[in-house]
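Engineer: Test case, fold it:
(4 chains)
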Protein chains: 4
Amino acid sequence: MRRPIRVSVVGAAEATEEEHRLARELGGVLGTAGAVVVCGGYGGVMESVARGASEAGGTTVGILKGNDPRDANPWISLPIPTGMGDARNALVVLAGEAVVAVGGLWGTLSEVALARKAGLDVGTLGTPPTPGLDLPALGTPAEAARWALARAHERRGEMPPGGSGLSRRRQ
Amino acid sequence: MRRPIRVSVVGAAEATEEEHRLARELGGVLGTAGAVVVCGGYGGVMESVARGASEAGGTTVGILKGNDPRDANPWISLPIPTGMGDARNALVVLAGEAVVAVGGLWGTLSEVALARKAGLDVGTLGTPPTPGLDLPALGTPAEAARWALARAHERRGEMPPGGSGLSRRRQ
Amino acid sequence: MRRPIRVSVVGAAEATEEEHRLARELGGVLGTAGAVVVCGGYGGVMESVARGASEAGGTTVGILKGNDPRDANPWISLPIPTGMGDARNALVVLAGEAVVAVGGLWGTLSEVALARKAGLDVGTLGTPPTPGLDLPALGTPAEAARWALARAHERRGEMPPGGSGLSRRRQ
Amino acid sequence: MRRPIRVSVVGAAEATEEEHRLARELGGVLGTAGAVVVCGGYGGVMESVARGASEAGGTTVGILKGNDPRDANPWISLPIPTGMGDARNALVVLAGEAVVAVGGLWGTLSEVALARKAGLDVGTLGTPPTPGLDLPALGTPAEAARWALARAHERRGEMPPGGSGLSRRRQ
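Structural biologist: Got it, this is the predicted structure:
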């Protein structure tokens, strides 16, 4: 069995129209590529990225603050309730093999920082949660998806599909 | 989108031959029925139930103690690393809509108790983690799978497939 | 600096009169002995053991499910809000060097099991959370306190005060 | 019983000489004022702030990543092992009523962000974990301590000692 690539997408529950659009397109490209999209499972960026991925036929994981799976947005295929509140932010990023932040404020910044602390690659799409972060700024949803998939394959010691490398390690 | 039923299966990392057999058969019936099997992601009962489910084409989630997804057993399709140690036991059971314990010792007993505390139905298959628990004892893997699926559908306010009821609430 | 001994006391939020009395007396003996009493920080056994310890001049730690320290019972000198719900049960027991369960139901049983899984000694006072547990049954609050202090000192590789041994390892 | 004020101090395990000095002085002022100092319990800033507070007679809480209380630095009077890895960062800040960040990198940034997300006031002392954060920059350890104590009293709806207000709410 080969595990599908997992990409965590983080961003605010209250998103701008532009952030909704970016997130949904990002989810669409990731879902089309067969990646599992992991997010916090509620509204805003979390809902739009899950919607995009789900509409493209992808699997969507929502790692929830609360303990009721019915609180997940309707595009989450696999809700993981934690009951842990914001301490679950650490889990949202650990579940991915690369992380993209779409907009966001303090909650998103905590996820970005926890991801970097855990050694995961993080890129930003749209306005980053705080200026001055030393992170790659990704120009479009398609670029963000390509970047995240490449980082995730790299983490497994693989070349991404289309590359010439061989998988060196099962993830 | 209809979310697949999720069943958590808990049990010891060091299992007897009989427990391995029970777990694998249980996983097989659950996977065949289209349920997602959630477990702790490592060896013993966790590995056998995931193997059974995976061989039947099912999705298997491993909610890991550690933070390295590569430590999951090879039958886990979706590893969720937590880095939380045994505090993750609460999450293993919260992720299911019904829980089956196959054998097990203190770790399994903690999962059983956390599940009951959270209001989830728990049944036992094989020797329960401690005598005297007031829980349904399930006689065979097939019976355990039917019981768990029925409890999970009930929790959603549905009749299980084959019943005459209508889904009343999306989960 | 020598760290004070820490004893975790677990039990139900809804306790009988007898359990309240046992918990308060247990807290009193532990507080008099200079031990820090750790508990879940809310009502029932948690409140009575904290009250007994506090009245005896002891320090009381409440490791809370929620994230508001003001929800701790009034006898908690140091609230530790976690926002983690029942997943905090793992932390309540890890914070102690020995554990006493006073009565209790599923929540308490989860703490007992998590403590044993972590290798901590656990004794019961009053009716245990489930029959058939292989744990020492302690007859009185005073006996429970002596037992817990002895186990905690042992864990540090020390003889309890009054013994002839020397501290071998700082805790 | 009146609960002592709790201040969380966060910062990197690998600190500069200057950060060590700032943290130790900050701990000293907080300890002298009777505040409990909460930190992550290991080396670097965590050790120096605990040392300063402990030398001033204060209580020091270390909320540990691991599950062994003996891994806490020697100036921690109350170790709280969690076994939760970096997910414990959420708990380090929730345990305080105000937060000061001394230097720090990604881990500290996650704590700053989680604290702000939880509505706690956060100030920085020394070089902040990332430029561009919209947070008060505190000039000296004494100023940082005064600021944190004032924010914590404010959170309780009190005037700090020396003020003319009355406590309105027990914390």
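Engineer: Using the three-state scheme, assign the nearest residue to A:Thr124 once chain neighbours are set aside.
Structural biologist: With C-beta to C-beta, 6 or more residues apart in numbering or on different chains as the criterion, A:Thr124 has its nearest non-adjacent residue at 4.9 Å, and that residue is A:Ala101. In short, each C-beta sits where N, CA and C put it, glycine included. Secondary structure state of A:Ala101, per DSSP: H, G, I helix; E, B strand; the rest coil, is strand.
Engineer: distance of A:Ala101 from B:Gly11?
Structural biologist: 38 Å (C-beta to C-beta, to the nearest Å).
Engineer: Any residues of chain A in contact with chain D? List them.
Structural biologist: By the rule C-beta under 8 Å from any C-beta of the partner chain, the part of chain A lying against chain D is A:84-91, A:105-107, A:109-110, A:113-114, A:116-118, A:129-134.
Engineer: all helices of chain A, in order?
Structural biologist: Assigned by DSSP state H, the helices in chain A fall at A:17-32, A:45-55, A:89-94, A:106-117, A:141-155.
Engineer: who in chain A is up against chain C?
Structural biologist: A:Asn67, A:Thr82, A:Gly83, A:Met84, A:Gly85, A:Asp86, A:Ala87.
Engineer: Apply 10 Å and report the result again.
Structural biologist: Within chain A, the residues that sit near chain C (C-beta under 10 Å from any C-beta of the partner chain) are A:Lys65, A:Gly66, A:Asn67, A:Pro81, A:Thr82, A:Gly83, A:Met84, A:Gly85, A:Asp86, A:Ala87, A:Arg88.
Engineer: residues in contact with the nearest residue to the fifth one once chain neighbours are set aside?
Structural biologist: Beyond its immediate neighbours in the sequence, the residue positioned closest to A:Thr82 (C-beta to C-beta, 6+ apart) is A:Arg88, lying 4.4 Å away. With C-beta atoms under 10 Å, 6 or more residues apart in numbering or on different chains as the criterion, the residues that contact A:Arg88 are A:40-41, A:63-66, A:80-82, A:111, B:82, B:91, C:83-84, C:87, D:87, D:90.
Engineer: now the end-to-end length of stretch A:112-128.
Structural biologist: End-to-end distance of stretch A:112-128 (C-alpha to C-alpha, to the nearest Å): 10 Å.
Engineer: Pull out the buried positions in that stretch.
Structural biologist: The neighbour-count check on stretch A:112-128 (16 or more other C-beta atoms under 10 Å in any protein chain shown) flags A:112-118, A:120-126, A:128 as buried.
Engineer: Stretch A:133-141 now?
Structural biologist: Residues A:Leu133, A:Leu135, A:Leu138, A:Pro141 are the ones in stretch A:133-141 that count as buried (16+ other C-beta under 10 Å).
Engineer: From the structure, what's the count of residues near the residue nearest to the third one when sequence neighbours are not counted?
Structural biologist: Once its chain neighbours are removed from consideration, A:Leu138 has its nearest residue in A:Ala144; the separation is 3.9 Å (C-beta to C-beta, 6+ apart). By the criterion of other C-beta atoms under 10 Å in any protein chain shown, A:Ala144 has 29 neighbours.
Engineer: Make sure A:Ala144 is actually in contact with A:Leu26.
Structural biologist: Yes. Here A:Ala144 reaches A:Leu26: they are 5.5 Å apart, a contact under C-beta atoms under 10 Å.
Engineer: Now the common contact residues for those two.
Structural biologist: What both A:Ala144 and A:Leu26 touch, as defined by C-beta under 10 Å, 6+ apart, is the set A:Val7, A:Val9, A:Val100, A:Val102, A:Leu125, A:Gly126, A:Leu138.
Engineer: residues near the second one, how many?
Structural biologist: By the criterion of other C-beta under 10 Å, A:Val9 has 33 neighbours.
Engineer: Ok, the fourth one next?
Structural biologist: By other C-beta under 10 Å, 36 other residues sit near A:Val102.
Engineer: what about A:Ala101 and B:Gly11, which has more around it?
Structural biologist: B:Gly11 (32 against 29).
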